[in-house]
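Visitor: generate coordinates for the sequence data below:
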Amino acid sequence: MGVSTVSAAIHITPVVIQTFFRHGKRRAQKFKDSVEEEEALDDIFFDEAFHIVKAFIELGVRNTIESLQSFTNTHVPAPYWAAVAPVRIPLSLCNDAADVLIKWFGPQELKHVVGGERWWQVRGMDGIDCEWITENEYLLNDLHVGNSKQLSKTDETILRMEHLETVMLMTVNLGGFSWGSINTHRYQIIRYARKIRGRAFAVNYRKAPQYPFPCPLHDVISAYLYLIQPPIGARHQSIRPSKIVLAGDSAGGNLCLTALTVLRDMGMPLPAGAILISPWVDLTHSFPSIMHNSKTDIIPLHGFLARPSTLWPIDPVPPLGGRVCATESNPPPKPGHADTLHPSAFRVQEDASTDTTETVQRQEEMLQQSPKHASRSESRASGKSKALGTDMGDCDIDLWEPKPPKVLMKDPDAVPLELRSQIQQYATTEQLTHPLVSPIVQGSLGNLPPLYIIAGDDEVLRDEIIHLAHRAAHPEDYRVRSGLLREGNRQKENATKFTTPTKVHLQVFDDMCHVLTVFSFTQSAKYAYRSIAEFVKHATNDDPGLEPFPELQRPPSRASVDSEVLGEHMAKRSPFQIFSRKTSPKAKNVLRQQSTGVKLYNQEVTAVANQIQSLEQENLSSSQSTTVFKGDRLETSNGRKVCGFTSIQDGYFVMVRERVDIRGVTRDMEPREEMACLQINSSQIGLIKEAPTIRWHEGQKKWDLMFAHEARRVLKHRKKIERQIQDLLRSAREQGLLLVGETDSAQMRDASTERSTSMNPIDGTIRSDRRWGPLDLNDEHPPPSAIAKRRDTPESLALIKMAIYHSAPVTHLTVPRIKPMDAQVQTHIIPGVHGLRIWDAILRSLNLSSVYTPRPRSQTQSLNLTTLS
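Guide: Sure thing, here's the model as predicted:
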């Protein structure tokens, strides 16, 4: 049936009823047992909302990724009190961002780890769809611009919000890099814009698995450059980095953090700060909470699985021997590790001469075995290879295949398991420990702008988030394992270059699950929204002496009651009242009250101020010359714990550590020494471990059994699409398709050579700012899920068709005349959809109904696949 409004209602309705009765029984039992301790699920509304969200995600993983992507990109209209202006980042800015990443990676890493420098620049659309979002109340009434009558509604809206200096760059997400969009987060983004009294810039970045790492990161950096270096034709003025705050949840938080590290490494201007809400920073799942908190979180037990489709999984039918099985080889790689993607010539030679009949060792023997091979630079191996007189060319290395990743077992006497299928949709298993995939293993998280990090105490990502926050604030205390530093020159350089602590405010919310801001009606979420808004205001303040964390500002900086409550009142006005700028008597009465978010926030500010004041007084009455702070809420740049104390010697606060209860009241976090996730040895972080691997495999086996017949049909359908693409390419050649370096004047007479740009696109022309297309990747090796080089999915067929007939790269000399059967494809832009309808038309013309379950148009609006952007 696919994911639709109807299927969601059918799936969720029984959950709502069951939750209602279970809630009543649980509350009655607590009353009978005289249990006075409160928990978040005691609130019937949160109990219902939690199980509804969990049920929807479970419905999603029982359907194809394409179906879920389509549904979560269904257009959601903005409310009447919000101002929304859709824009598109042109390809020229995407090219600039690509140059930044190309320089960051370097030629060797691009070739061997990323798979090339072209494929991830290939996209279906002529740029990146984004939206400017704010409140109508904040727009200027009078617009003094020449020829303002000729402005479009979108241009006028952008100019009317130009006076709002503060910008939140939102990298929203919902489902592990693969689904979710601005539409799923629209009301949350509007709420952020209202509370910061500024504007938000939301990015619809490309989604995995069609566009895996580093495609989403490329789009986020492009969006940042668009803000600070607007291209010709953009209506907004250049925005100072000091007025920009990056923000993202889950996978979006990962992208915010990795974008910051790239900007830092390349010496580019950094934003004022970043807000990371439940950031997913360890894709290897090496922390304990990934197993312990599975029952109390909305994340599916077995991870983000999917019903088989032409897109995912890569191998719909399990490989011979299973997706996870006992390893058949000795190291390398060692247990817990994936193999290198950049072998030395010596490693390639030795693998070719390895005896395949050797006895497979136990895990303990493998771990004790001294490494035979150096990693990337491998000077020893290189020297040995030369001594042998062996010349291993690039051709031999290109044909080399890494061994399957090995799983670290609990039993040291066991033979390790090995993975034969890709687990994560965002990156291959060999890429999971790359610092731009799992930022928890960054060489250093120092020298970054201030970070406000939020986690739920009951979410599966809790431990990695807490560890991340402390790694950033205390780079000298939490170092990455040495093996990862050896894998790249930049990692090793960063570990010694960026040692200045990053200012961090960490808050862990009691009883809350992943991305608690989704449950905006709870006291916890109300406090979080207010705290986020105050952080943004302080971080973007131009006063160099102002603390980025308002809790530490002396005198205390309290939230404005008037602005907060009036904002909430304005949001509830009728359409007839919205045009009036006068404060009504009703609004004046509302202003006399404090909103929940403001009240809770100001209580927390007061608590911190009182703590600092009392501790300063204690210090003045003592004979010590060093300022001493008792407690575990505040930490300093050079402070050290001594009998529960934190001291400052010419230092400054670098970390605020707090827990927040279900009422939104903060308290000190326990000492670092008492937190298990901070006692994990660095050698155990970023490893592929047995428990999460077995749990994923158990779920995947259920899916393989449940959808066995469908998996076989998918394989047949892939072969059919391969034949269609071959026919398409042959037909295009006959119609006059020529690439750079080819000549055929006879064919060129029947094809167009007209050019245009992504800023002013003309259908059926060569885009002068589109560098590459899917026909330019013969010497590249992208991840197997990337549609840029695939030839067996409807999306890859649509991408090739787009590159040939509609928006050709500069590597094409001609654009063939489209056949009459293809002339029905519409390429105009629909307001509110801004650029996605062309994909709708192309995909429908390719008969995608055989892949997607048809749904009534009233339920899904239209098929808008941002993943093909």
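Visitor: how deep is Leu687 tucked in, by neighbour count?
Guide: By other CB atoms under 10 Å, 20 other residues sit near Leu687. From N, CA and C alone the C-beta is placed, and that goes for glycine too.
Visitor: got the contact list for it?
Guide: Taking CB atoms under 8 Å, 6 or more residues apart in numbering, we find Leu687 in contact with Thr284, Ser286, Gly336, His337, Leu408.
Visitor: what strand or helix carries the fourth one?
Guide: This points to His337. Using DSSP states H and E, His337 maps to neither a helix nor a strand.
Visitor: where does it fall, phi/psi-wise?
Guide: Here is the backbone geometry of His337 (degrees, to the nearest 10): phi -120, psi 160.
Visitor: and for it, the neighbour number?
Guide: Based on other CB under 10 Å, the number of other residues close to His337 is 20.
Visitor: now a ChimeraX select for only the buried ones of the contacts of Leu687.
Guide: To isolate the buried members of the contacts of Leu687 in ChimeraX, using 16 or more other CB atoms under 10 Å:
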select :284,286,336,337,408
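Visitor: could you work out the most separated pair of the contacts of Leu687?
Guide: Ser286 and His337 (11.4 Å; CB to CB).
Visitor: any residues in contact with both of those two?
Guide: Shared contacts of Ser286 and His337 (CB under 8 Å, 6+ apart): Leu687, Ile688.
Visitor: any chance of the contacts of Leu687 in JSON lines, with distance to Leu737 and pLDDT too?
Guide: Below are those laid out as JSON lines (distance: CB to CB, whole Å; pLDDT from 0 to 100):
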{"residue": "Thr284", "distance to Leu737": "43", "pLDDT": "96"}
{"residue": "Ser286", "distance to Leu737": "48", "pLDDT": "96"}
{"residue": "Gly336", "distance to Leu737": "48", "pLDDT": "93"}
{"residue": "His337", "distance to Leu737": "45", "pLDDT": "92"}
{"residue": "Leu408", "distance to Leu737": "50", "pLDDT": "96"}
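Visitor: make JSON lines from the contacts of Leu687 and add distance to Val76 to it.
Guide: Formatted as JSON lines, the contacts of Leu687 follow (distance: CB to CB, whole Å):
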{"residue": "Thr284", "distance to Val76": "34"}
{"residue": "Ser286", "distance to Val76": "36"}
{"residue": "Gly336", "distance to Val76": "43"}
{"residue": "His337", "distance to Val76": "43"}
{"residue": "Leu408", "distance to Val76": "43"}
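Visitor: for the contacts of Leu687, which one is nearest Ile314?
Guide: Comparing the contacts of Leu687 against Ile314 with CB to CB places Thr284 closest, at 18.9 Å.
Visitor: isn't the closest one up against Thr433?
Guide: Yes. In this structure, Thr284 is within contact of Thr433 by CB atoms under 8 Å, at 6.5 Å.
Visitor: please enumerate the shared neighbours of those two.
Guide: Residues touching both Thr284 and Thr433 by CB under 8 Å, 6+ apart: Gly686.
Visitor: so where do the strands sit in the stretch 651-800 of the chain?
Guide: Secondary structure of the stretch 651-800 of the chain (DSSP state E, counting those that start in this stretch): strands at 653-660, 666-668, 751-752, 755-756, 765-767.
Visitor: buried residues in stretch 302-318?
Guide: Neighbour-count burial for stretch 302-318, counted by 16+ other CB under 10 Å, picks out 302-313, 315-316, 318.
Visitor: and stretch 663-681, by the same measure?
Guide: In stretch 663-681, counting by 16+ other CB under 10 Å, buried: Gly664, Val665, Thr666, Asp668, Met669, Arg672, Met675, Cys677, Leu678, Ile680.
Visitor: stretch 507-524 too?
Guide: The neighbour-count check on stretch 507-524 (16+ other CB under 10 Å) flags 507-519, 522-524 as buried.
Visitor: closest one of the residues you listed to Met655?
Guide: Closest approach to Met655 among the buried residues of stretch 507-524 (CB to CB): Gln507, at 11.4 Å.
Visitor: in a strand, that's where that closest one is, yeah?
Guide: Yes. Membership of Gln507 in a strand is supported by DSSP: H, G, I helix; E, B strand; the rest coil.
Visitor: so which of the buried residues of stretch 507-524 are in strands?
Guide: Counting by DSSP state E, those place Gln507, Val508, Phe509 in strands.
Visitor: ok, now which ones touch the second one?
Guide: Which is Val508. Taking CB under 8 Å, 6+ apart, we find Val508 in contact with Ala455, Gly456, Asp457, Arg462, Ile466, Glu658, Arg659, Val660, Met669.
Visitor: element containing the fifth one?
Guide: Ile466 is located in helix 462-473, with elements delineated by DSSP H and E.
Visitor: before we move on, the earlier item: out of the buried residues of stretch 663-681, which is nearest to Pro548?
Guide: The closest of the buried residues of stretch 663-681 to Pro548 turns out to be Thr666 (CB to CB; 17.5 Å).
Visitor: wait, isn't the closest one in contact with Arg659?
Guide: Yes. Applying CB under 8 Å, one finds Thr666 in contact with Arg659, separated by 6.9 Å.
Visitor: quick check: neighbours shared by these two?
Guide: Common contacts of Thr666 and Arg659 (CB under 8 Å, 6+ apart): Gln507.
Visitor: Thr433 and His75: what is the separation?
Guide: As for Thr433, its distance to His75 is 38 Å (criterion: CB to CB, to the nearest Å).
Visitor: which non-adjacent residue is nearest Asp677?
Guide: No, residue 677 isn't Asp; it's Cys. Nearest in space to Cys677, with sequence neighbours left out and distances taken as CB to CB, 6 or more residues apart in numbering, is Asp463 at 3.7 Å.
Visitor: so where's the stretch 101-250 of the chain uncertain?
Guide: 144-149, 174 (pLDDT under 70).
Visitor: for it, which segments count as helices?
Guide: With DSSP state H, counting those that start in this stretch as the criterion, the stretch 101-250 of the chain has helices at 107-109, 153-160, 182-196, 215-228.
Visitor: return the most buried member of those helices.
Guide: Sort these by mean neighbour count, taking mean count of other CB atoms under 10 Å, and helix 215-228 sits at the top with a mean of 24.
Visitor: name the helices or strands packed onto that one?
Guide: Secondary-structure packing of helix 215-228 (3 or more CB pairs under 8 Å, 6 or more residues apart in numbering; DSSP states H and E): strand 82-89, helix 91-105, strand 128-135, strand 167-170, strand 199-203, strand 244-249, helix 251-265.
Visitor: quick one: closest of the ones you listed to Gln150.
Guide: The closest of these to Gln150 is strand 82-89. By CB to CB, the value is 16.6 Å.
Visitor: pLDDT weak spots in the stretch 501-650 of the chain?
Guide: Scanning the stretch 501-650 of the chain for pLDDT under 70 picks out the ranges 545, 551-634, 636-650.
Visitor: isn't Tyr211 right next to Pro783, touching?
Guide: No. Between Tyr211 and Pro783 there is no contact under CB under 8 Å: 9.8 Å.
Visitor: residue contacts, Thr429?
Guide: Shown in contact with Thr429 (CB under 8 Å, 6+ apart): Ala338, Pro405, Leu419, Gln422, Ile423, Ile688.
Visitor: among those residues, which two are most distant?
Guide: Most distant of these, by CB to CB, are Gln422 and Ile688, 12.3 Å apart.
Visitor: redo the strands of the stretch 651-800 of the chain as CSV? Include mean pLDDT and distance to Arg235.
Guide: CSV is the format used below for the strands of the stretch 651-800 of the chain (pLDDT from 0 to 100; distance: least, CB to CB, whole Å):
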stretch, mean pLDDT, distance to Arg235
strand 653-660, 88, 38
strand 666-668, 89, 41
strand 751-752, 86, 31
strand 755-756, 94, 20
strand 765-767, 95, 22
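Visitor: lovely, talk soon.
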